[in-house]
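K.L.:
how does the following fold in three dimensions:
(4 chains)
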2 protein chains.
Amino acid sequence: MSPELDPPHGPRERLLAAACEAFREEGYQVSIDRIAARAQVARQTLYNHFHSKDALFGEVVRHSIQSVLVTLDGDGDVRATLLAFGDAYRARLLNPEGLAIFRTMVAEAPRFPELAKQFFRQGPYTTRKRLAKYLAQAMEAGELRKDDPDFAAEMLTAALIDLDRLRGLINLQTDLLKPTKTAQVVDCFLRAFAPEKDTP
Amino acid sequence: MSPELDPPHGPRERLLAAACEAFREEGYQVSIDRIAARAQVARQTLYNHFHSKDALFGEVVRHSIQSVLVTLDGDGDVRATLLAFGDAYRARLLNPEGLAIFRTMVAEAPRFPELAKQFFRQGPYTTRKRLAKYLAQAMEAGELRKDDPDFAAEMLTAALIDLDRLRGLINLQTDLLKPTKTAQVVDCFLRAFAPEKDTP
DNA sequence: AGACAGGTAGACTGCCCAGTCTACTTTTGT
DNA sequence: ACAAAAGTAGACTGGGCAGTCTACCTGTCT
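P.N.:
Numbering: from 1, shown residues only, chains lettered A, B, ... in the order given. This next block holds a predicted model:
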């Protein structure tokens, strides 16, 4: 009857949490000893739960996928839905954790190609597919110009984060989450994908 | 009267070229010995020309900045100009060299923050500023909607590469440079930034 | 010929790291 | 209470790497 409280008590949970932070802050090259020390656990205990550093890294990455997934709820009108999505998307990907995961995955993609593919398929790709599905519905309903919904989703997600992610990846995190940015991008997107009605 | 031919003969040039390839292919963690071997030069010769690995890395990065700079020539109409720019921009940033530089700079930005800032300011930032300047002219001439030219430049550059760069950074380089993509993005951009003329 | 600048090979220091092994201690289930 | 399971500390192996140093070689200029 181990408690299994919210703050993790078992060494395995402590190790996962510690490894998550450590890889995030120092990248894959952080040493096993530092991870074990951060979890307040002996090195051998780490190897009792994860058979190698690579295995631990894989577990951490798979656990991190959920933290970059974003959902939509298509309640209000299109603009309101996209504003909510845009704010959530930017919040997820531009906070320090999202930036660190992106940095680490990009840096280690050559060493862990399958893991990187899995991450990007289950994370950003899934998010974009959800958005595309919503946009397809809006196109059907005549609320958006009839176009390729995957292309439209690509345009919106790119516009929402591309430059600000770059700013965050170096250090210029100043006013990253300027709240007007999402609305500016969404309105720009809505102009580009407004329903065709003018034939002057 | 050393020849100074096109293929570099001096050990310094050979070292720079070798280090450029080596850092590109294996990242910063490539060993000094591998760089020296690739340049067919003794390790001590490397240290005679560059006083540390970090110094060599800095030289290579500074040399690489020009390879991600893109210019515009505003000859034809706006669409033709942007198509030419878009093709050049995608070609520069999505080829293996551009992707490798991006990966390395993102990965090493925490270790070399000043170098990373310098790179992104003199590279992508400069390119975007050139584009913004052109867009501002087009806005003045009434060929584009009057809006913030920096924001417009951000939208176009993001749309041109964000997702395809991600694809390239993992491995799915298949049909990255699909030639219709640039036109698709530019036409989408032109819809979003068409001059305002309709007040129905 | 001889001096000198610059290249070379390789040993060497000092450091860090992944992963294993051993002997010891604590926790836990019954 | 006791035995099995799980954790601990630390030594140890084997390897890699940055950077220094020494002794040697080669070309060039005079």
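K.L.:
tell me what the longest helix along chain A is packed against?
P.N.:
The single longest helix within chain A, with elements called by DSSP state H, is helix A:149-169. Applying 3 or more CB pairs under 8 Å, 6 or more residues apart in numbering or on different chains; DSSP states H and E, one finds that helix A:149-169 contacts helix A:78-94, helix A:96-108, helix A:126-140, helix A:180-192, helix B:149-169, helix B:180-192. (Each C-beta comes from the backbone N, C-alpha and C, glycine too.)
K.L.:
elements contacting the host helix or strand of residue A:19?
P.N.:
Element membership of residue A:19 [criterion: DSSP states H and E] is helix A:11-26. Contacts defined by 3+ CB pairs under 8 Å, 6+ apart place helix A:11-26 against helix A:32-38, helix A:43-49, helix A:53-64, helix A:96-108.
K.L.:
need the residues of chain A near DNA strand D, please.
P.N.:
Contact residues, chain A versus DNA strand D (CB under 7 Å from any atom of the strand): A:10, A:11, A:12, A:40, A:41, A:42, A:43, A:44, A:45, A:48, A:49.
K.L.:
now the two most distant members of these.
P.N.:
A:10 and A:43 (17.2 Å; CB to CB).
K.L.:
off-centre distance for the longest helix of chain A?
P.N.:
12 Å (CA atoms, centre = their mean, to the nearest Å).
K.L.:
how much does it deviate in direction from helix B:180-192?
P.N.:
90 degrees (axes from the mean of the first three to the mean of the last three CA atoms, to 10 degrees).
K.L.:
next, the angle helix A:96-108 makes with helix A:149-169.
P.N.:
100 degrees.
K.L.:
put the alpha carbons of helix A:149-169 into CSV.
P.N.:
Written as CSV, here are the backbone C-alpha positions of helix A:149-169 (Å, rounded to 0.1, in the frame of the first residue of the first chain):
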residue,chain,number,x,y,z
PRO,A,149,-7.0,22.5,-45.4
ASP,A,150,-3.5,21.0,-44.7
PHE,A,151,-1.9,23.9,-46.5
ALA,A,152,-4.0,26.4,-44.6
ALA,A,153,-3.1,24.7,-41.3
GLU,A,154,0.6,24.9,-42.2
MET,A,155,0.3,28.6,-42.9
LEU,A,156,-1.4,29.4,-39.6
THR,A,157,0.9,27.3,-37.4
ALA,A,158,4.0,28.6,-39.2
ALA,A,159,2.8,32.2,-38.8
LEU,A,160,2.0,31.7,-35.1
ILE,A,161,5.4,30.6,-34.0
ASP,A,162,8.2,30.6,-36.5
LEU,A,163,10.0,33.8,-35.7
ASP,A,164,9.1,33.9,-32.0
ARG,A,165,10.5,30.4,-31.6
LEU,A,166,13.7,31.5,-33.1
ARG,A,167,13.8,34.5,-30.7
GLY,A,168,13.2,32.1,-27.8
LEU,A,169,15.9,29.6,-28.9
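K.L.:
in that helix, what's buried?
P.N.:
Across helix A:149-169, burial judged by 16 or more other CB atoms under 10 Å in any protein chain shown covers A:149-169.
K.L.:
ok, the residue nearest to the spatial centre of chain A - contacts?
P.N.:
Centroid-nearest residue in chain A: residue A:68, 2.4 Å away (criterion: CA atoms, centre = their mean). Counting by CB atoms under 8 Å, 6 or more residues apart in numbering or on different chains, residue A:68 touches A:92, A:93, A:98, A:101, A:123, A:124, A:127.
K.L.:
make it 7 Å
P.N.:
With contacts defined as CB atoms under 7 Å, 6 or more residues apart in numbering or on different chains, the neighbours of residue A:68 are A:92, A:93, A:98, A:101, A:123, A:124.
K.L.:
got it, and residue A:138?
P.N.:
A:78, A:144.
K.L.:
per-residue pLDDT, it?
P.N.:
With respect to pLDDT, residue A:138 scores 97.
K.L.:
before we move on, back to that, looking at the helices and strands packed on helix A:11-26, which is buried most?
P.N.:
helix A:96-108 (a mean of 21; mean count of other CB atoms under 10 Å in any protein chain shown).
K.L.:
state the mean pLDDT of it.
P.N.:
96.
K.L.:
and the helix or strand harbouring residue A:117, what does it pack against?
P.N.:
Element membership of residue A:117 [criterion: DSSP H and E] is helix A:113-120. When contacts are defined as 3 or more CB pairs under 7 Å, 6 or more residues apart in numbering or on different chains; DSSP states H and E, helix A:113-120 sits against helix A:53-64.
K.L.:
what do you get if the cut-off is 10 Å, keeping everything else the same?
P.N.:
helix A:53-64, helix A:96-108, helix B:149-169 (3 or more CB pairs under 10 Å, 6 or more residues apart in numbering or on different chains; DSSP states H and E).
K.L.:
is the second one positioned near chain B?
P.N.:
Yes. For a cut-off given as CB under 10 Å from any CB of the partner chain, helix A:96-108 has contacts with chain B, namely A:99, A:100, A:102, A:103, A:104, A:105, A:106, A:107, A:108.
K.L.:
export the residues you listed to CSV and tack on distance to residue B:180?
P.N.:
As requested, the residues of helix A:96-108 next to chain B are exported to CSV (distance: CB to CB, whole Å):
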residue, distance to residue B:180
A:99, 32
A:100, 35
A:102, 28
A:103, 32
A:104, 33
A:105, 29
A:106, 27
A:107, 32
A:108, 32
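K.L.:
quick one: which of the contacts of residue A:68 is nearest residue A:85?
P.N.:
Using CB to CB as the measure, the one of the contacts of residue A:68 that approaches residue A:85 most closely is residue A:92, at 10.6 Å.
K.L.:
residues touching that closest one, list them.
P.N.:
Residues in contact with residue A:92, defined by CB atoms under 10 Å, 6 or more residues apart in numbering or on different chains, are A:67, A:68, A:69, A:70, A:98, A:123, A:127, A:161.
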